[in-house]
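>>> Sequence first, then the predicted structure:
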Amino acid sequence: MFGPVNNFLTLIFWLLSIGAFILSLWALIHAIRMPARAFAAAGKLTKQLWLIILGLATLFTFAPAVNYMGMGMGMPGLLTILAVIASGVYLADVKPAVSQYRGGGNQGPYGPW
């Protein structure tokens with residue numbers, strides 16, 4: 001009786017899990033590419049701490065995304081929700097602050113060249 005509805009909801013939650021994994025992976029890749037001094041200059045947590053937080057967030061969103069041991073079925077778990085919050089905080093607050101300290105090699109009066 002609940003077959004089509006259940007399958008549709010499972011698909012929706014699986015797509016949300018994939019989106020959460022992509023969000024966490026995007027934040028982790030950005031944090032890896034930024035120099036450690038940018039985090040200190042922006043007054044944020046250290047790069048190492050953000051790499052740990054975002055690494056765990058990526059791990060906790062990867063498992064439901066690939067349906068590891070049935071974790072992808074049903075509502076997103078608490079760890080998945082916390083991982084999305086951590087990734088969202090990084091992308092909304094830390095990423096804009098540290099991106100301006102990226103710096104290049106040669107700086108001219110109008111930017112890198």
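Received it, and whenever you're ready, just let me know what you need.

>>> Can you tell me the element the spatially most central residue of the chain falls in?
In the chain, the C-alpha nearest the mean C-alpha coordinate belongs to S24, at 2.0 Å (Cα atoms, centre = their mean). Using DSSP states H and E, S24 sits within helix 3-33.

>>> Tell me which other helices or strands that helix touches.
Applying 3 or more Cβ pairs under 8 Å, 6 or more residues apart in numbering; DSSP states H and E, one finds that helix 3-33 makes contact with helix 47-65, helix 78-89. For glycine as for every other residue, the C-beta is placed from the backbone atoms N, C-alpha and C.

>>> Mind checking the pLDDT average for it?
If you average the pLDDT over helix 3-33, you get 88.

>>> got the angle between that helix and helix 47-65?
For helix 3-33 and helix 47-65, the angle between their directions (axes from the mean of the first three to the mean of the last three Cα atoms, to 10 degrees) works out to 160 degrees.

>>> now helix 3-33 against helix 78-89, angle please.
Taking the same axes, to 10 degrees, helix 3-33 and helix 78-89 form an angle of 50 degrees between their directions.

>>> what mean pLDDT does whichever helix or strand comes after helix 3-33 have?
Counting by DSSP H and E, the element after helix 3-33 in chain order, helix or strand, is helix 36-41. The pLDDT scores in helix 36-41 average 94.

>>> so how far is V84 from the residue nearest to the centre of the chain?
Spatial separation of S24 from V84 under the definition Cβ to Cβ, to the nearest Å is 7 Å.
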